[in-house]
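Asker: just a sequence and a predicted model for now, questions to come.
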Amino acid sequence: MMNQNFYKQLTDKSIAGEALSQEEARDVLVSKDVELLTLLDAAFTVRKKFRGKEVDIHILNNAQNGYCPEDCNYCPQSKPSEAKIEEYPLKSDQEILAEAESAHKRGAHRYCMVFAGRGPSRKRVEHVAQLIRSIKSQYPIEVCVSAGLVDQEGAKILKEAGLDRLNHNLNTSKQHYPKVCSTHTFDDRVNTLQAARKAGLQVCSGVIVGMGEEPSDVIDVAQTLRSMQAASIPVNFLIPIEGNILDKKALLSPEYCLRVLCLFRFLNPQSDIRAAAGREMHLRGMEVMSLYPANSLFLDGYLNVKGEERRSTLQMIKDAGFTIRSEYPLDDLIQKETVQSSTPQRDGATKSLLKDIQDLRPQLQ
Ligand code: SF4
């Protein structure tokens, strides 16, 4: 077993802004001599130092779904995927604004608009910029956009419109990247992040664990995001969707997932570390422990996949003694969800993993 100095050194190095050595990073992920609870405590010390006991809630809006020409193997919106998702072109401005308002009222600190595709045309960039202006002028909410590959001019236009963050996930290491996508490269993704940084935007970029990578690939992504000073890092665990090329559930134990979150915290001490897609499926009964290394999560599921009920997530945050970053008290939000969930469920509610059209476009109802 590792002695206490090992854990203290991880905490001290992280708080001092020093990177872990390759060996330490590997031990965090896979050493049998590392005790999970002591490791979580070490990561929690770093989290508390920089992010207190607050949880940032993020809500995604799939502004357009499907029709993507790219071939990312994990994505049900990709061209080769045969997943039965609800495809639709870009939502109306009115629908997107109504969803922003609703996200704000549900306690979201940040509203993320996601546009499928390789990257936006200049016309689309101008349109997104207009949406950002409208949202920022009406609601006190941070805005993040995910729109594929964006060049420097595009990033500048979005920044000038008031965008806070640009999301573009690296997903995996440079070495592993060709195994998950052939239509663009890891470097293309890095270039987008660099364009965002040059424009003065915060960078949100994450990983998907469980795509056949080695622990060394996970370490590479955590180190690359550290070098890019990513303000926000969604740590996703692959949700296998029938019809996707990557349609098999990876053998990720809850313990390994928690270790991954700890690694990202140690290497990116001041960043938002988000327990993102797949937290329910892969962390299972240990989900609440993700709040010790991570300070953020998604509410209302993911792009095409349902998540845990809103009330359960909010209650989990409260039960563990955390608070949320919102103008609405956590107790009030839980109360509101309790009232709403005691009303009859809509007819024909599906138990499927995939979101249906009512989940994706609630403002149309
Ligand atoms: S570019 Fe984005 S939307 Fe398109 S397949 Fe890849 S992950 Fe999915």
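Answerer: Done, it's in. Numbers count the residues shown, from 1 in each chain.
Asker: by contact count, what packs against the biggest strand by length in the chain?
Answerer: Counting residues, the longest strand in the chain under DSSP state E turns out to be strand 54-64. Here strand 54-64 touches helix 93-105, strand 110-115, strand 272-275, strand 296-298, strand 323-324, going by 3 or more C-beta pairs under 8 Å, 6 or more residues apart in numbering; DSSP states H and E. For glycine as for every other residue, the C-beta is placed from the backbone atoms N, C-alpha and C.
Asker: check whether that strand comes near the ligand.
Answerer: No - Strand 54-64 does not reach the ligand (C-beta under 6 Å from any ligand atom); its nearest approach is 9.4 Å.
Asker: out of the helices and strands packed on strand 54-64, which gets nearest to the ligand?
Answerer: Proximity to the ligand, assessed across the helices and strands packed on strand 54-64 by C-beta to the nearest ligand atom, is greatest for strand 110-115 (8.1 Å).
Asker: quick one: name whatever helix or strand follows that closest one.
Answerer: Heading C-terminal from strand 110-115, the first helix or strand you meet, by DSSP states H and E, is helix 122-138.
Asker: okay, and for the stretch 201-350 of the chain, where does confidence drop off?
Answerer: Within the stretch 201-350 of the chain, the stretches with pLDDT under 70 are 340-350.
Asker: residue of it nearest the ligand, please.
Answerer: L303 (8.2 Å).
Asker: and the nearest residue to that residue once chain neighbours are set aside, how many neighbours?
Answerer: Excluding the flanking residues, the one nearest L303 by C-beta to C-beta, 6 or more residues apart in numbering is N62, at 5.2 Å. Look at N62: counted by other C-beta atoms under 10 Å, it has 26 neighbours.
Asker: likewise for N236?
Answerer: Neighbour tally, N236, other C-beta under 10 Å: 23.
Asker: likewise the one 10 residues further on?
Answerer: When counting by other C-beta under 10 Å, one arrives at 21 neighbours for L246.
Asker: S205 too?
Answerer: 27.
Asker: right, and L149 touches R189 too?
Answerer: Yes - between L149 and R189 there is a contact at 7.4 Å, judged by C-beta atoms under 8 Å.
Asker: if I look at C75, how far off is H168?
Answerer: C75 sits at a distance of 14 Å from H168 (criterion: C-beta to C-beta, to the nearest Å).
Asker: strand partners of the longest strand of the chain, parallel vs antiparallel please.
Answerer: Here strand 54-64 has these sheet partners by DSSP bridges: strand 110-115 (parallel), strand 296-298 (parallel), strand 323-324 (parallel).
Asker: and these, which is most packed in?
Answerer: Using mean count of other C-beta atoms under 10 Å, the stretch among these with the largest mean neighbour count is strand 296-298, at a mean of 24.
Asker: what does it contact?
Answerer: For strand 296-298, contacts defined as C-beta atoms under 8 Å, 6 or more residues apart in numbering pick out 55-60, 232, 234, 272-277, 279, 290-291, 307, 313.
Asker: local confidence estimate at K105?
Answerer: As predicted, K105 sits at a pLDDT of 88.
Asker: still on that earlier bit, now render the strands paired with strand 54-64 as JSON lines, adding distance to L353.
Answerer: JSON lines is the format used below for these (distance: least, C-beta to C-beta, whole Å):
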{"stretch": "strand 110-115", "distance to L353": "18"}
{"stretch": "strand 296-298", "distance to L353": "15"}
{"stretch": "strand 323-324", "distance to L353": "26"}
